[in-house]
Every structure is written in C-alpha cells, then in structure tokens.
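Asker: Kindly generate the corresponding structure for this input.
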Amino acid sequence: MTTTIERIGFMQGRLSALVDGKIQAFPWDEWRDEFPRAKELGLTRMEWTIDQERLRENPLTTEPGQQEILALSQENGVRIPSLTGDCFMQAPFWKVDAVVRDALVADLDLLIAACSRVGIAFVVIPLVDNGKIERESESDTLKRVLLARSGQLTRRNVKIVFESDLPPRDLARFMEAFPPDVFGINYDSGNSASLGYDSDEEIAAYAPRILNVHVKDRIRGGTTVPLGTGNADLAKTIRLIECAGYKGQYILQTARAADGDHPGALAKYRDMTVRWIEDAAR
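Answerer: Predicted coordinates for the structure are as follows:
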C-alpha cells in the first residue's frame with residue numbers, strides 16, 4: 001500500500017540553487033546531488049525537467065545519461081514517474097512552420113523513447129504562456145501530431161498529460177479529441193488560482209482525466225508564492241481531487257526559498273501537502 005508521503009514528489013531543480021535566476025530550469029551542476037537530497041527528505045518521486053536549450057545533451061536523452069539516472073534512482077530510492085517538458089513551451093511544435101516543426105517533432109519522439117527507457121510514465125506538455133493555443137490551426141497541428149503517436153505511446157507505456165489555461169468546460173471539450181488511455185490532464189493548482197478558476201467547476205468538469213497534479217500557489221493574475229499565501233485553496237482543491245477518486249502523485253512545483261534553504265522550504269511544503277491529503281480522507 002502506498003503511504004501518503006510516497007505520493008508526494010518534487011520538481012527537479014527545487015533542491016538546487018537557481019539557474020540564471022530562473023524559478024525552474026534543468027540543474028546542470030547539481031542534478032546528481034538532488035537524488036540523495038530527496039532521499040534525506042523522505043521524497044521518493046522526482047519530476048524531471050527538460051529545456052529546449054541543450055535538449056540533446058540532457059542526460060535523459062543520452063544512453064550514458066539514462067544509465068546514470070537509473071543507477072542514481074535505484075541507489076537512492078527516488079523514482080522518476082513524470083517529465084515536465086518546458087522545451088515544448090519554449091519551442092512549441094504546433095506554432096511553427098513545417099520545416100522547423102519536423103525538427104521539434106523529432107525531439108518529441110526522442111523524448112518519448114527516452115522516457116520509456118527510464119520508466120517515466122507521464123510527459124507534461126504545457127499549453128500555457130508561450131505554449132498557449134491561440135489559433136484553431138495550432139490546435140489542429142497539435143492533435144494531428146500527437147494522435148499519430150498514440151500507438152507509439154501505448155507500446156512505450158508513456159502518456160501525454162496537458163497543462164492548459166483553458167476554462168474548465170473548454171478543457172473538458174478539448175480533451176474529447178484525445179483517447180483517455182494515453183492522454184490526460186496535469187492539474188496545476190497555482191495556474192488555476194492565477195486564472196481565477198473555481199476548483200469545484202474544474203474537478204466536476206474533468207476529474208477522471210487528471211493523471212498528474214502540480215502543487216503550487218499563485219496570486220490571482222500574479223506569480224508563484226509560498227504555499228498558503230496565495231489564492232489557491234489547496235485544502236479544498238486536494239479534498240475535491242481525492243474525493244473524485246484520484247490515486248496519483250502530487251508534485252511540489254513550489255516557490256523557491258528566499259533565504260536559499262531550498263531543502264527546508266521543500267520539507268515544509270511536503271508536510272503541508274501530507275496534511276491536506278490526509279485531512280481529505282477523514
């Protein structure tokens with residue numbers, strides 16, 4: 001039986017110093033160190049991050065790197081069940097012309113194969129910020145490219161999960177085009193708070209399609225803030241998600257520590273999330 005803390009993971013980089021002042025980026029200098037740091041915190045799950053810059057140098061995409069990831073994972077008892085593809089937001093294949101698209105779709109295929117080799121089951125494609133769908137043609141391209149890979153995804157035991165800024169009912173309709181066996185939703189509590197969405201409406205609209213959850217807090221219309229200080233009602237939202245039957249993981253995609261104590265901040269957020277999940281079961 002999976003314990004509550006075993007359902008909680010963290011976004012890669014949250015246990016490292018900021019890279020070029022960014023809240024999230026692949027931690028090139030410290031990625032190996034995050035495995036034992038996670039173990040010390042009792043965290044058994046990590047969500048990998050990958051950027052478009054140096055994508056084909058990222059250890060996830062090279063055979064020696066994959067072997068090292070698997071060894072570190074086994075040595076420290078830290079699984080990698082999911083990947084956040086920031087690369088797709090930085091260079092969305094659905095928003096470029098055919099010549100550029102071919103190269104970006106080749107990157108997508110490379111990542112699907114790489115994820116399968118290290119046991120990553122969920123690939124998060126962010127349809128927000130620069131990845132936001134703004135035209136019907138972009139939506140059509142996204143669907144055409146991804147649906148053509150349904151068989152490949154099934155064979156490799158990898159699912160695509162969308163992180164979207166669409167209103168609840170629109171997102172539910174958008175998902176109707178994607179078969180539930182290989183496509184789902186990454187629910188991001190911070191993004192929903194920033195957009196002013198009602199979690200009652202969200203969970204009612206598409207709960208069965210939620211396959212991954214990002215725990216985050218944001219101010220409405222603003223940026224990421226420490227858990228409990230923004231507009232995300234996480235106690236309520238997690239209760240709704242749990243009551244809808246969700247049994248999956250919660251990834252801490254939380255604010256960075258202002259004093260540089262990133263493990264301390266993550267430990268605090270871990271405990272808050274454990275409490276919200278366990279309260280939901282009472």
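
Asker: Any buried residues in stretch 260-279, and which?
Answerer: Using 16 or more other CB atoms under 10 Å as the test for burial, stretch 260-279 gives 262-263, 265-266, 268-270, 272-274, 276-277. The C-beta positions use only the backbone N, C-alpha and C, and glycine is treated the same way.

Asker: Using CSV, write out the CA atom coordinates for that stretch.
Answerer: Taking Å, rounded to 0.1, in the frame of the first residue of the first chain, the C-alpha atoms of stretch 260-279 are listed here in CSV:
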residue,chain,number,x,y,z
GLY,A,260,18.4,29.8,-0.1
ASP,A,261,17.3,27.0,2.2
HIS,A,262,15.6,25.0,-0.6
PRO,A,263,15.5,21.7,1.3
GLY,A,264,14.0,23.4,4.3
ALA,A,265,11.3,25.0,2.2
LEU,A,266,10.5,21.8,0.4
ALA,A,267,10.2,19.9,3.7
LYS,A,268,7.7,22.4,4.9
TYR,A,269,5.6,22.1,1.7
ARG,A,270,5.9,18.3,1.9
ASP,A,271,4.4,18.3,5.4
MET,A,272,1.6,20.8,4.4
THR,A,273,0.6,18.6,1.4
VAL,A,274,0.7,15.4,3.5
ARG,A,275,-1.7,17.1,5.9
TRP,A,276,-4.1,18.2,3.2
ILE,A,277,-4.2,14.7,1.6
GLU,A,278,-4.8,13.0,5.0
ASP,A,279,-7.4,15.6,6.0
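
Asker: Do I have it right that P59 meets Q66?
Answerer: Yes: with contact defined as CB atoms under 8 Å, P59 counts as touching Q66 (7.1 Å).

Asker: Quick check on R79: phi, psi?
Answerer: Backbone torsions of R79, given as degrees, to the nearest 10, read phi -80, psi 160.

Asker: mind listing what the closest residue to it other than its chain neighbours touches?
Answerer: Excluding its sequence neighbours, the residue lying closest to R79 (CB to CB, 6 or more residues apart in numbering) is R45, at 5.4 Å. Residues near R45 by CB atoms under 8 Å, 6 or more residues apart in numbering: 6-10, 78-82, 249, 251.

Asker: Among those residues, which ones are in strands?
Answerer: 8-10, 79-82, 251 (DSSP state E).
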